[in-house]
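Undergrad: Everything below, folded, please.
(one chain, ligands or ions: 2)
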Amino acid sequence: MSKSLLIMDLSCPQCAERLTDGCKVRLDAYIKESGQHGVMALSAAFGDYTVVTDMDVPEGTVVEFRCPKCEAGLAIPLECKLCKAPMVSLNLAQGGYVEFCSRRGCKGHALGGIGDIDQMMNLMNRMFETPYD
Ligand SMILES: [Zn+2]
Ligand SMILES: [Zn+2]
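TA: Ligands and ions are numbered 1, 2, ... in the order given. Predicted structure coming up:
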């Protein structure tokens, strides 16, 4: 196999349902501006802001993410440091959580966000020290 990506095992903070599916995280999405509902699959790789969706999501659009299992809103009362859109939070199986920006095209949109270096190192440490095989 080629390069191994750091795939995060994420779950809903409300219902604890696992949301990582392979190397994607599938979330329900709603775009207020256009009234569209759909599904967005975010890359579960740390720092990768690739998004796969059938929805028409222009760069700069803020997306409301919901858990596909319990429909809880995933936004938290915190603004993106870069663009001031609401941040979204998911729990990490290894402990803790990751946050990302809800605005398409923002650098903070990657899971793991814009990474504050300290935060990122913490996260990496937690992930690599996990005693799983
Ligand atoms: Zn849920
Ligand atoms: Zn942002």
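
Undergrad: ok, and the helix or strand in this protein with the lowest average confidence?
TA: One helix or strand of the chain scores below all others by mean pLDDT, DSSP states H and E: helix 117-129, with a mean of 66.

Undergrad: which sections of the chain are below the confidence cut-off?
TA: Residues of the chain meeting the criterion pLDDT under 70: 1-5, 109-124, 126-133.

Undergrad: Quick check: residues of it near ligand 2?
TA: Residues of the chain lying near ligand 2 by Cβ under 5 Å from the ion: 80, 82-83, 85, 101, 103, 106, 108. All C-beta atoms are positioned from the backbone trio N, CA, C, and that covers glycine.

Undergrad: Can I get those in a markdown table including secondary structure and neighbour count?
TA: Converted to a markdown table, those look like this (DSSP: H, G, I helix; E, B strand; the rest coil; neighbours: other Cβ atoms under 10 Å):
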| residue | secondary structure | neighbour count |
| --- | --- | --- |
| 80 | coil | 22 |
| 82 | coil | 14 |
| 83 | coil | 17 |
| 85 | coil | 20 |
| 101 | strand | 27 |
| 103 | strand | 21 |
| 106 | coil | 22 |
| 108 | helix | 21 |
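
Undergrad: measure residue 107 to ligand 1 for me?
TA: Residue 107 sits 27 Å away from ligand 1, going by Cβ to the ion, to the nearest Å.

Undergrad: my guess is that residue contacts residue 82, does it?
TA: Yes: contact criterion Cβ atoms under 8 Å: residue 107 and residue 82 qualify, at 6.0 Å.

Undergrad: how about the nearest residue to residue 32, chain neighbours excluded?
TA: Ranked by Cβ to Cβ, 6 or more residues apart in numbering and with sequence neighbours excluded, the top spatial neighbour of residue 32 is residue 64, at 6.6 Å.

Undergrad: before we move on, what about residue 76?
TA: Of all residues not flanking residue 76 in the chain, residue 89 sits nearest, at 4.6 Å (Cβ to Cβ, 6+ apart).

Undergrad: Please name every helix or strand in contact with the helix or strand encompassing that neighbour.
TA: Counting by DSSP states H and E, the element that carries residue 89 is strand 86-92. For strand 86-92, the packing partners by 3 or more Cβ pairs under 8 Å, 6 or more residues apart in numbering; DSSP states H and E come out as strand 10-11, strand 75-79, strand 97-101, helix 117-129.
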